[in-house]
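# Mind looking at a prediction? Sequence and model below.
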Amino acid sequence: MIRPDIYFENVCPTLNMNIRSELYSVNEFTFAVAVILSAQATDKKVNEVTPALFKIAPTPDKMLELGLDELKKHIRVISFFNNKANNIIKLAAQLKDKTSNNLDYKFPQKYHNRCELMKLAGVGQKTANVIMNVLWNAPNIGVDTHVFRLSHRFGWTNEADNTPEKVEEKLLKFIPKKYHPIVNHVMVLHGRYTCKALRPNCANCPVQKWCNAKDKKM
Ligand code: SF4
């Protein structure tokens, strides 16, 4: 089994760690909207619609002005757009306050807490973790399909860890703390471009000499 410290120390230099997410956004509100849109959709697909949407609705106030029907028109190519549009409008309403028309919108401090963040519409545990991780460098671990798959491939988790919550709990104990803020980002990029589900590109993998995953292809 590859050790987590060896994994992160060797994969990180091959990634651009300044870019913490591939989702397009212009402030903290739009990042949250992009993460909500990305559930069961690719970042690429989300990034096709968000530049035009965030040009006219970059803040909670502007999103409310845009309204549900217009929002749906902007995001209709994204899966589950009806449900996501409803949540985004509710989210904007929940965030409405005296700062909610700032172009450089930042979440009020009380939301820098997973329980509070999860009270917002459309924000489940995974979404909250990604927001806290990317925006505030928090030591949560957002477990999406790549983190889930790679954790099992590397043997960091086992069959009993069959939910994102169980995987997060295991990883928080197993991976040294200093790597927690970057786990999601690193594993998503490594899983998306190199350690892919069906055809991992092991020949070009920075950790191939330490990896003994059974799907390793050399
Ligand atoms: S060597 Fe292959 S299986 Fe192992 S981490 Fe790299 S890409 Fe994944």
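Yep, that arrived. Residues are numbered from 1 along each chain as shown.
# Give the buried residues for the host helix or strand of residue 189.
In this structure, residue 189 sits in helix 180-193 according to DSSP states H and E. Of the residues in helix 180-193, those with enough neighbours to count as buried (16 or more other Cβ atoms under 10 Å) are 180, 181, 182, 183, 184, 185, 186, 187, 188, 189, 190, 191. Using the backbone N, CA and C atoms, a C-beta is placed for each residue, glycine as well.
# Pick out the lowest-pLDDT one from these.
pLDDT across the buried residues of helix 180-193 is lowest for residue 181, at 83.
# where's that one relative to the ligand, distance?
Distance from residue 181 to the ligand, counting by Cβ to the nearest ligand atom, to the nearest Å: 21 Å.
# Centre-most residue in this protein?
residue 130 (4.1 Å; Cα atoms, centre = their mean).
# From what I see, that residue and residue 25 are in contact.
No: applying Cβ atoms under 8 Å, one finds residue 130 not in contact with residue 25, separated by 11.7 Å.
# which parts of the chain sit against the ligand?
Within the chain, the positions near the ligand by Cβ under 6 Å from any ligand atom are 194, 195, 200, 201, 202, 205, 207, 208, 211, 213, 215, 216.
# If we use 5 Å, what do you get?
With the criterion set to Cβ under 5 Å from any ligand atom, the chain comes near the ligand through 195, 200, 202, 205, 208, 211, 213, 216.
# got the domain boundaries for the chain?
4-18+141-204, 28-105 (automatic domain parsing).
# if we can go back for a sec, buried stuff in the helix or strand where the residue nearest to the centre of the chain lies?
Element membership for residue 130, per DSSP H and E: helix 125-136. Of the residues in helix 125-136, 125, 126, 127, 128, 129, 130, 131, 132, 133, 134, 135 count as buried by neighbour count, 16+ other Cβ under 10 Å.
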